[in-house]
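*Asks:* Structure here, sequence nowhere to be found:
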């Protein structure tokens, strides 16, 4: 019986909880921009060919997503498509560096803050959670400059119930904005995940408890 209990304990130790994820916010700007303030909804032009929908949210400053959570969530993640439009500079030729930042609830430490460039030889920006979809290609808007596109995935951690704000900002020394430099968001999704036992883990737990109970009865007898 001791060997059997040891085998059950080993099986339980190897079982790993699964993550049950659910979508708590989603916005593709195809019908409106609910939840967001700032920026303008525009046709995605060439960005439609790199995973964006037919519309996107464009800004040359800051846009804010406001969320009112009815209950606390665990392991929240933010994913989105990011367009870097026109003449973003990395600073190597005396302009910029131009940066894109994502911040949560006005905290001093941003979730994301990186330099982007479309034509000065820097190449696609690399960072944790960032994947390049296109670099220095003409995707529309001002055809004199190239554009870039990325997918971005960020961990937000645990969020309490109540109001939270996510800010998306373009800035930098000598930031020009307007038609010269802007960014675009699309496919914005916020998910939450909570650890739940695998069905197999529940069965093993039941087996282990049953075995322990049987051993106890035998000792009493």
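*Replies:* Sure, I can see it. What you see is a predicted model; the values in this text were computed from it and never measured. Numbering: from 1, shown residues only.
*Asks:* Okay, strands next: where are they in this protein?
*Replies:* For the chain, applying DSSP state E gives strands covering 18-27, 36-37, 40-43, 55-59, 62-69, 73-86, 99-104, 112-115, 130-137, 147-159, 162-171, 181-196.
*Asks:* Out of those, which gets nearest to residue 49?
*Replies:* Proximity to residue 49 (C-beta to C-beta) singles out strand 130-137 among those, at 8.3 Å. No exception for glycine: its C-beta is placed from N, CA and C like everyone else's.
*Asks:* Only the buried residues of that closest one, if you could.
*Replies:* Across strand 130-137, burial judged by 16 or more other C-beta atoms under 10 Å covers 130, 133, 134, 135, 136.
*Asks:* how much space between the third one and residue 23?
*Replies:* Here the criterion is C-beta to C-beta, to the nearest Å. By it, residue 134 lies 26 Å from residue 23.
*Asks:* How about the second one?
*Replies:* From residue 133 over to residue 23 the distance is 22 Å, taken as C-beta to C-beta.
*Asks:* ditto for the first one
*Replies:* Residue 130 sits 21 Å away from residue 23 when distances are taken as C-beta to C-beta.
*Asks:* remind me which residues of this structure are low pLDDT?
*Replies:* Applying pLDDT under 70 to the chain flags residues 1-19, 120-121, 194-221.
*Asks:* Domain map for it?
*Replies:* For the chain, automatic domain parsing gives the domain ranges 1-17+198-221, 19-196.
*Asks:* mind listing what's buried in stretch 29-48?
*Replies:* In stretch 29-48, counting by 16+ other C-beta under 10 Å, buried: 29, 33, 35, 36, 39, 42, 44, 45, 46, 47, 48.
*Asks:* Max pairwise distance over the residues you listed: which two?
*Replies:* Farthest pair in the buried residues of stretch 29-48 (C-beta to C-beta) is 35 and 46. Separation: 25.9 Å.
*Asks:* can I assume residue 179 is in contact with residue 144?
*Replies:* No: using C-beta atoms under 8 Å as the test, residue 179 is too far from residue 144 to be in contact (10.0 Å).
*Asks:* Which one's more surrounded, the two?
*Replies:* residue 179 (13 against 9; other C-beta atoms under 10 Å).
*Asks:* Look at residue 99 and say how many residues are nearby.
*Replies:* By other C-beta under 10 Å, neighbour count at residue 99 equals 21.
*Asks:* how far away is it from residue 138?
*Replies:* Distance of residue 99 to residue 138, given as C-beta to C-beta: 23 Å.
*Asks:* mind listing what residue 131 touches?
*Replies:* Residues near residue 131 by C-beta atoms under 8 Å, 6 or more residues apart in numbering: 150, 151, 152.
*Asks:* Compare the residues you listed and tell me which is most surrounded.
*Replies:* Greatest neighbour count in these, by other C-beta under 10 Å, goes to residue 150: 24 neighbours.
*Asks:* quick one: that one from residue 164, how far?
*Replies:* From residue 150 to residue 164 the distance is 23 Å (C-beta to C-beta).
*Asks:* coming back round to it: comparing the domains of the chain, which comes out most buried?
*Replies:* Among the domains of the chain, domain 19-196 has the highest mean neighbour count (mean count of other C-beta atoms under 10 Å), at a mean of 17.
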